[in-house]
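Asks: sequence unknown, structure follows:
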């Protein structure tokens, strides 16, 4: 993908339209996934304010610390018809932004803007009510373009190349942390720009879905949940979980793993345009509940993914949003009865024909070690 | 360091006292450096709310998503006398927190709390005015304990081990990105848990202080600014810059590099208890200005460092805060006249006897390649 394809020039105009439709007089975006989505500028959120202002009635402006100006111009944003206003170390950038906005009564701020900036904007814009810009931006970001799907496909292939090696790294006698280090290096070696998370949950830790790594020494008979992901140079994220066993697992585990496998299949099969997000959650939950493990499936079935590892749409009870082509999300049911647990996770994209899976390593239990 | 030393049990009480002194009825901390500082819990900021509430008049409470409860209990926070309240996927955690706080009129939120949570707390606490908790917390965090200084010293030694190898990796014909990848792997291999930034600015990119890496192919005669840092498993950060030359650099460069070297020495020599932060900036700026390069030193002299790569105190004109023993910050003057530039950066800690440098690789220009 070229950056033209990933970051088309019409997004600034689309953001303005979406903000207008949401009743916002302006949108303020600090570094993070929203800013990168709109202008392709992958800036870090720092104590010095970088802020894209998209007013309803005038041209957008990117305010940047002077020493970031060259980096901003060198990013895809430099190719847009976008005014950049550098500010100096002794300027008050919040006053600069407020001065440019003029009289506004409702201003959207990016969901991940730090309180440090939120409260300074509140004070610099005393006549305005701040709201989350995410509601307006989600209408754009939730449906991935073909270039975005291609970027997610690349991310999926990269994390698959890591999982393809994990069974060879898991051995009784090693700590979770040691294996986690090898996985971390591999996530980078296989093409990610950053490592977002590395979960190696062995033995009882497999029953704690958000356990990361520990100094626990793995033993024969352990079940190990490995949930890993990173961000590619494109900005798009990977996320895939496989469950491994060090030798023969306990018989009761093998029984519920089969239930989990079928549940993950059923949820993927339920994905198609027009069905609700919660119905995919229900499709995963139903066979697990029927087998008596409903209380051990203690989280939602999935989360959207794109420039953020977790974003809309959430695949959870209560989310009646209908799926549309281009929506990308995880399908990751889990069963955690203790003293072990299991999870299977793929990223899928909703297409006219149903779910396209972006992860392809075997989902059957892998015997390692 | 044990976690007891890094995260002593009296911090919750100290936060309450600092909040009270700042006129706050309660402090709300979401995952990030403030939360980690107070209770040692290194949680990720996610769309699901994790929040430590420290009310002025009652006991502190950690609200966590139920599926994070085990991880929270396994962290150093689990050893504290701290109530943990798990919430379920269909609960409204903001209402839970507000209900526990009761009537409050001024509530501090962590500086890095996402707008997503800030605005939900604003709505859940309609009688309260939100303020930044950073002002109260900075009085604690700005003076590092001996255990924190030890953690920063370890971080400094780790990044020094990377810089000691960089000259061997820089060669004409390689891209900045290729060398950046090797450095990234080395930052992890030398003991960091995460890589925070890798700047390899060669040729004209050396004149852009916050350039990261690009596909520029390095050539003989290039000057290369390498500014790198990461976060250790302890949570404490490293940050060090050295400037390298691929063969003999231009004569005018060699001349101003000497000025820069002397300026960095002078700024470090100026550090002692009682002098202001801005006087250290002035000590760096004076020799550079005298040599005619004042306009080419386009950023402040330094930033504090600890659990954040950038935190208080900032070494910048206008900051009249007196230095105290335990304050840790970068001393990193730069000269960027183009078409090349240079920067030298060490982390230093203010002690009774002046600056203790935490970086020790040679500051003289290193001829590489």
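Replies: Great, that's in hand. Because the structure is a prediction, the values reported are computed rather than measured. Numbering: from 1, shown residues only, chains lettered A, B, ... in the order given.

Asks: Isn't residue A:203 up against residue A:339?
Replies: Yes - the criterion here is C-beta atoms under 8 Å, and residue A:203 meets it with residue A:339 at 7.0 Å. In this view, the C-beta of every residue, glycine as well, is placed from N, C-alpha and C.

Asks: And the two? Which one has more around it.
Replies: The neighbour comparison of residue A:203 against residue A:339 (other C-beta atoms under 10 Å in any protein chain shown) goes to residue A:203, with 19 against 13.

Asks: out of everything not next to it in sequence, what's closest to the more buried one?
Replies: residue A:222 (4.7 Å; C-beta to C-beta, 6 or more residues apart in numbering or on different chains).

Asks: do residue A:328 as well
Replies: Nearest to residue A:328 is residue A:349, by C-beta to C-beta, 6+ apart, at 4.7 Å.

Asks: and the one you found, what are its bridge partners?
Replies: Per DSSP bridges, the residues bridged to residue A:349 are residue A:328, residue A:356.

Asks: and it, how many neighbours does it have?
Replies: Residue A:349: 22 neighbours (other C-beta under 10 Å).

Asks: same thing with the one 5 residues further on?
Replies: Residue A:354 is flanked by 16 other residues according to other C-beta under 10 Å.

Asks: Equivalent analysis for residue A:141, please.
Replies: 21.

Asks: for it, what are its contacts?
Replies: A:33, A:34, A:37, A:306, A:307, A:311, A:312 (C-beta atoms under 8 Å, 6 or more residues apart in numbering or on different chains).

Asks: Tell me who's in contact with the fourth one.
Replies: What it means is residue A:306. A:33, A:141, A:144, A:148, A:152, A:236, A:237, A:328.

Asks: mind checking how far it is from residue B:44?
Replies: The gap separating residue A:306 from residue B:44 is 18 Å, by C-beta to C-beta, to the nearest Å.

Asks: again with residue A:362
Replies: For residue A:362, the distance to residue B:44 - C-beta to C-beta - is 29 Å.

Asks: now do residue A:187
Replies: From residue A:187 over to residue B:44 (counting by C-beta to C-beta), the distance is 16 Å.

Asks: So which of the two has more stuff around it?
Replies: residue A:187 (25 against 16).

Asks: And for chain A, the residue most distant from the center?
Replies: Here the centre of chain A is the reference, and by C-alpha atoms, centre = their mean the most remote residue is residue A:90, at 36.0 Å.

Asks: touching chain B at all, the helix or strand residue A:157 falls within?
Replies: For residue A:157, the enclosing helix or strand under DSSP states H and E is helix A:146-169. No - contact between helix A:146-169 and chain B is absent, the nearest approach being 14.3 Å (criterion: C-beta under 8 Å from any C-beta of the partner chain).

Asks: Which neighbouring elements make contact with the helix or strand that comes right after that helix?
Replies: Beyond helix A:146-169 on the C-terminal side, the first helix or strand identified by DSSP H and E is helix A:176-189. Secondary-structure packing of helix A:176-189 (3 or more C-beta pairs under 8 Å, 6 or more residues apart in numbering or on different chains; DSSP states H and E): helix A:146-169, strand A:194-202, strand A:223-231, helix B:176-189.
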